[in-house]
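Peer 1: pasting the sequence and the predicted coordinates here, then a few questions.
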Amino acid sequence: MTLGGLALAVGILVDDATVTIENINWHLEQGKAVKAAILDGAAQIVGPAFVSLLCICIVFVPMFLLQGIAGYLFRPMALAVIFAMASSFILSRTLVPTLAMFLLKPHRPEPGAGHHPEDAFINHHEGEQHPKPRNALLQSVLNFQQGFERHFSNVRDTYHGLLTLALGARKRFIVGFLACVLASFLLLPSLGQDFFPATDAGALALHVRLPLGTRIEESAAAFDRIEARIREVIPAEELDTIVDNIGIPLSGIDMAYSSSGTIGPQDGDIQVSLKTHHAPTADYVKKLREALPQSFPGSHFAFLPADISSQILNFGAPAPLDVKISGRNDAENRAYAVELERRLQHVPGIADLRIQQSTGYPSLQVNVDRMRANGLGITERDVTNSMVASLAGSSQTAPTFWLNPANGVSYSIVAATPQYRLDSLPSLEALPVTGADGQAQILGGVATISRVQSPAVVTHYNIEPTLDLYANVQGRDLGGVARDVQKVLDDTASMRPKGATISLHGQIDALHEAFSGLSFGLLGAVVLIYLLIVVNFQSWADPFVIITALPAALAGIVWMLFLSGTSLSVPALTGAILCMGVATANSILVVSFCRERLAEHGDALKAALEAGYTRFRPVCMTALAMIIGMLPLAISEEQNAPLGRAVIGGLVFATIATLLFVPVVFSLVHGRHPTRATAGETPHVA
């Protein structure tokens, strides 16, 4: 995430130096000497630049208050951006002006220059011509630069005309602009909600459960057939490896602590790795979800998180949605779970729905006749130890070690009954059971053995026995599926077993926690920015004018997520928070210049027109630098792609609001009467 923070800061870092150079160049165009232009230009923007720096850094403060996994992910990113921004501010105030002193030259006045003071270099064709460079490459660069400046001047003149029209009908423009912004928020329900976007890790993880009681040999053969079916779906040129784990949990510790669904010889996990150049993994998952149940009826298939990021986001659970049914009455709880499973199958977007704790596992139940055993001097513990020693080995009950005197290494000595001698119920009944007095009895003499069906695994949550209904999401957002699942839970409230607790867990818990924290952070960022600007400007009105661009930024985020088919997620909300700081920084540039011009001639309308025209270039450069910096992130398929898309969409709309809406609101708030201006007139900025 620190690298992600640096990627976020790249555009802002470039912009900090760019704005400094642009302002120095503007003073050079006014005919000032290089040293005077550097001192005046740097001094003019140091205040707004510092406030802009604080605004961008302040928006990251709420991220330090985030709890859970969102906090662990985004706190390093916030630190990276803050430190990078602070370093950029210092270098832009020291190193950049110093280099400008050595590299920049004073501008020559052009007798034939046009009426735009900033376009004198472009219009030199009307007066004295610059000598052509001897180098062809330099000439090509100069031609490109002159052509770019000509087109940019035309764009700026067009903007000047639009701003003039907006200032001529301020109230209608403000009402229309706000109506468009508010209408954009109607798209919010269609965006959907996800904790983090799914990523393509180039791997699939599949859990397979054959009918309960299937022997390990039959399971291995069945997995071979499943592998063959997978190879039919995934082309050989895209398939790298397939690895099976059958019969035991994939855990290096005690089975009681393993979260794997592999609980017996009928269970197994299949890991599929794809080569570098492959079709989207989600497409193969969708095909296999349809093909495998049709080819192997009676078996259950469920896709698991295949990459480490998804496993972390699921907190080790095999699925993002988990309905827990906790209570003492196992029979009623299971009946309710079966009914709930039947209803949840009709929820759109739900996939791999299953009850994790299977029942009906073929078992042998040993009932000890305590009266008879006590008469023979045998306890239930003696029966248990004898059975464990015969079936699993004596190391489970009486660990014995032999110390090799040659090398000092201890070796465990284990004695167990060969499996071929325990191949029937009579042979099990003939197992010897030794009591405290050392006399051996056979198991059938003190106990009865019967065939029963039992739960394959027993799970506890908060000490109570628990059944889990796990489900994945396919083709729909997590938030929408979770809402429908919760609706089903509410509809079946009257059917709940007495004393049972039913709750929805999984990623949705972390989603709600992160969304509430980030939403509060977004609101807190706006409030902190406003209070900071109030302190800096010593005014309540001008900070209000500055933050009027923020609703447009939020509208731009909504539109970008909607057009790109991206759901609202934690990275998208983080991008929205970052966008608040950058949008405010642009507005500060415009309003600061408005205040300077207003203090000079006292006409708010003229000040707004001049500020918009003069600050058009730096505002565009700020937004463009940030957008270009975010573009690689936005077009990627990584988990932070929504962050880049949110920043780009927000900046596009925030830039429009900064250049049009903010000057209009400034002129209206300061209550000046508009001066007559036409679209063809350009303000002369002294």
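Peer 2: Yep, it's here. Numbering: from 1, shown residues only.
Peer 1: in the chain, which residue is most central in space?
Peer 2: The centroid of the chain falls nearest to residue 196 when counting by C-alpha atoms, centre = their mean (3.4 Å).
Peer 1: Provide a list of residues in contact with it.
Peer 2: 309, 313, 569, 570, 571, 639 (C-beta atoms under 8 Å, 6 or more residues apart in numbering). To be clear about C-beta, it is placed using only N, CA and C from the backbone, and glycine gets the same treatment.
Peer 1: so the first one sits right up against residue 199, yeah?
Peer 2: If I follow you right, that is residue 309. Yes: if you go by C-beta atoms under 8 Å, residue 309 and residue 199 touch, sitting 6.3 Å apart.
Peer 1: what's the overlap in contacts for those two?
Peer 2: Overlap of the contact sets of residue 309 and residue 199 (by C-beta under 8 Å, 6+ apart) consists of residue 639.
Peer 1: buried stuff in stretch 318-335?
Peer 2: 318-327, 330, 332-334 (16 or more other C-beta atoms under 10 Å).
Peer 1: most residues in a single strand of this structure, which one?
Peer 2: strand 464-473 (DSSP state E).
Peer 1: for the helix or strand following that strand, C-alpha coordinates in CSV please.
Peer 2: Sequence order places helix 478-491 as the next helix or strand after strand 464-473, per DSSP states H and E. What follows is helix 478-491, C-alpha atoms only, in CSV (Å, rounded to 0.1, in the frame of the first residue of the first chain):
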residue,chain,number,x,y,z
LEU,A,478,-21.7,-8.2,-2.2
GLY,A,479,-23.8,-5.5,-0.6
GLY,A,480,-26.9,-6.3,-2.8
VAL,A,481,-26.7,-10.0,-2.1
ALA,A,482,-26.2,-9.5,1.6
ARG,A,483,-29.3,-7.3,1.7
ASP,A,484,-31.4,-10.0,0.0
VAL,A,485,-30.0,-12.6,2.4
GLN,A,486,-30.8,-10.5,5.4
LYS,A,487,-34.3,-10.0,4.0
VAL,A,488,-34.7,-13.8,3.8
LEU,A,489,-33.5,-14.1,7.4
ASP,A,490,-36.1,-11.5,8.5
ASP,A,491,-38.9,-13.3,6.6
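Peer 1: what helices or strands is the following helix or strand past helix 478-491 leaning on?
Peer 2: The element immediately downstream of helix 478-491 (helix or strand, assigned by DSSP H and E) is strand 501-506. For strand 501-506, the packing partners by 3 or more C-beta pairs under 8 Å, 6 or more residues apart in numbering; DSSP states H and E come out as strand 321-326, helix 478-491.
Peer 1: show residues contacting the longest strand of the chain.
Peer 2: 302-303, 317-328, 330, 333-334, 337, 340-341, 344, 349-357, 458-460, 481, 485, 501.
Peer 1: dump that strand to PDB, keeping only the CA atoms.
Peer 2: Below are the C-alpha coordinates for strand 464-473, written out as PDB (Å, rounded to 0.1, in the frame of the first residue of the first chain):
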ATOM      1  CA  GLU A 464     -22.600 -23.000  21.400                       C
ATOM      2  CA  PRO A 465     -22.900 -25.600  18.600                       C
ATOM      3  CA  THR A 466     -23.100 -23.800  15.300                       C
ATOM      4  CA  LEU A 467     -24.200 -24.600  11.700                       C
ATOM      5  CA  ASP A 468     -22.700 -22.400   8.900                       C
ATOM      6  CA  LEU A 469     -24.300 -21.600   5.600                       C
ATOM      7  CA  TYR A 470     -21.500 -20.400   3.300                       C
ATOM      8  CA  ALA A 471     -22.100 -18.600   0.000                       C
ATOM      9  CA  ASN A 472     -20.100 -16.900  -2.700                       C
ATOM     10  CA  VAL A 473     -21.200 -14.100  -4.900                       C
END
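Peer 1: just checking: what are the partner strands of it?
Peer 2: Strand 464-473 has the following strand partners under DSSP bridges: strand 321-326 (antiparallel), strand 350-355 (antiparallel), strand 459-461 (antiparallel).
Peer 1: so which of these is nearest residue 295?
Peer 2: Closest approach to residue 295 among those (C-beta to C-beta): strand 350-355, 16.5 Å.
Peer 1: what about the next helix or strand after the closest one, average pLDDT?
Peer 2: With elements assigned by DSSP H and E, the helix or strand that comes after strand 350-355 is strand 361-368. For strand 361-368, mean pLDDT is 89.
Peer 1: no further queries at this time; thank you.
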